[in-house]
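Q: predicted structure and sequence below. I'll ask about it afterward.
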Amino acid sequence: MKQDVEKSARKKMKNEMNAQVETIDNRTDTLKLVFAVLLVCGGMGGYYMFANHSVLLRVVGLLACALVAVLVASRTEKGRAVLAFFHESQIEVRKVVWPTREETVQTTGLVILMVVISALVMWALDWFLGWGIRFVIGTGS
C-alpha cells in the first residue's frame with residue numbers, strides 16, 4: 001500500500017513537471033511567433049519608411065526580414081508541424097502519376113471544344129430569348 005502511494009506521488013510529480021515544461025515551451029513558442037510577426041511588420045514598415053531609397057534595397061530588406069521571421073517561426077512546434085506538412089506534400093507529389101503530353105493535349109482540346117459549344121448554346125439561347133421578348137412587347141420584326 002505504501003509503495004502504491006509512493007508510485008502515485010511520483011507519477012503525479014512527473015506529470016506536473018511535464019506540464020511545467022509544456023507551459024514553458026508554449027510560452028517560448030508564443031514569444032517566437034510574436035517576434036516573427038514583429039519582424040515582418042518591421043520589414044514592411046521599413047519598406048515604406050525608406051520610400052526615398054532604391055526599390056531594390058527596400059525589397060531585399062523586406063525579404064531578409066521575412067526570411068528571418070520564417071526561420072524563427074520554424075523553430076516553434078507549429079513551425080515544425082508546417083515544415084513536416086510541406087515535406088509530406090513533396091513526398092505525395094512524387095507519388096502522383098502525371099498525364100503524358102498526348103493525354104494533356106487531348107484533354108485540353110476537349111475542354112476548349114466544350115467551352116466553344118457552351119458559348120454557342122448560350123449565344124443561341126440569348127438570341128432566341130431576345131427575339132421572343134421583342135416579339136411579345138412588339139418592338140421588332
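A: Received, thanks.
Q: do a quick rundown of the strands in the protein.
A: Using DSSP state E, no strands are found in the chain.
Q: which regions of it sit below the pLDDT cut-off?
A: 1-24, 140-141 (pLDDT under 70).
Q: let me see the domain layout of it.
A: Dividing the chain into domains by automatic domain parsing, as the record does, gives the ranges 2-96, 99-141.
Q: mean neighbour count, those: which tops it?
A: Of all the domains of the chain, domain 2-96 has the most neighbours on average by mean count of other Cβ atoms under 10 Å, namely a mean of 12. No exception for glycine: its C-beta is placed from N, CA and C like everyone else's.
Q: report the distance from it to the chain centre.
A: 16 Å (Cα atoms, centre = their mean, to the nearest Å).
Q: just stretch 115-127 next, same as before
A: Chain-centre distance of stretch 115-127: 37 Å, with Cα atoms, centre = their mean.
Q: ditto for stretch 102-122
A: Its chain's average C-alpha position is 31 Å from that of stretch 102-122, according to Cα atoms, centre = their mean.
Q: residues in contact with that stretch?
A: With Cβ atoms under 8 Å, 6 or more residues apart in numbering as the test, stretch 102-122 has contacts from residue 99.
Q: can I get the CA coordinates of it in CSV?
A: Extracted C-alpha coordinates of stretch 102-122, given in CSV (Å, rounded to 0.1, in the frame of the first residue of the first chain):
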residue,chain,number,x,y,z
GLU,A,102,-0.6,13.3,-75.5
GLU,A,103,-3.2,12.9,-72.7
THR,A,104,-2.8,16.6,-71.8
VAL,A,105,-3.2,17.8,-75.3
GLN,A,106,-6.3,15.7,-75.8
THR,A,107,-7.9,16.8,-72.6
THR,A,108,-7.1,20.5,-73.3
GLY,A,109,-8.6,20.1,-76.8
LEU,A,110,-11.8,18.6,-75.3
VAL,A,111,-12.1,21.4,-72.8
ILE,A,112,-11.7,24.0,-75.5
LEU,A,113,-14.3,22.3,-77.7
MET,A,114,-16.8,22.1,-74.8
VAL,A,115,-16.3,25.8,-74.0
VAL,A,116,-17.0,26.7,-77.6
ILE,A,117,-20.1,24.5,-77.7
SER,A,118,-21.3,26.0,-74.4
ALA,A,119,-20.7,29.5,-75.7
LEU,A,120,-22.7,28.8,-78.9
VAL,A,121,-25.6,27.3,-77.0
MET,A,122,-25.7,30.3,-74.7
